[in-house]
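[1] Need coordinates for the following:
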Amino acid sequence: MTAIVDKEKCTGCETCIDECPAVAIALNDGKAKVDKDLCVDCETCIDVCPSEAITME
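    Residues are numbered from 1 along each chain as shown. Coordinates of the predicted model:
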């Protein structure tokens, strides 16, 4: 499983980027994007996302 960002919901606030312990998230065109190879499935980004734009798949 890995974190998936819903680009419609993502506001580009960078909260997930700041909190990701694996440094697996970056902004791409103003929206968060998860590097699946770096993601460690910790779900921290899901917990901190204020717009609920991240899920695990």
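[2] Let me know the helix or strand that A26 is in.
    Under the criterion of DSSP states H and E, A26 resides in strand 25-28.
[3] Tell me the strands beside the helix or strand just after that strand, with direction?
    Following strand 25-28 in sequence order, the next helix or strand is strand 31-34 (DSSP H and E). Strands adjacent to strand 31-34 in the sheet, as given by DSSP bridges, are strand 25-28 (antiparallel).
[4] which of the residues in the strand it pairs with are buried?
    I25 (16 or more other Cβ atoms under 10 Å). In this view, the C-beta of every residue, glycine as well, is placed from N, C-alpha and C.
[5] Same check on stretch 34-53?
    34, 39, 44-45, 49, 51, 53.
[6] now the strand holding A26: mean pLDDT?
    When pLDDT is averaged over strand 25-28, the result is 98.
[7] Endpoint to endpoint, stretch 36-52 covers what distance?
    19 Å (Cα to Cα, to the nearest Å).
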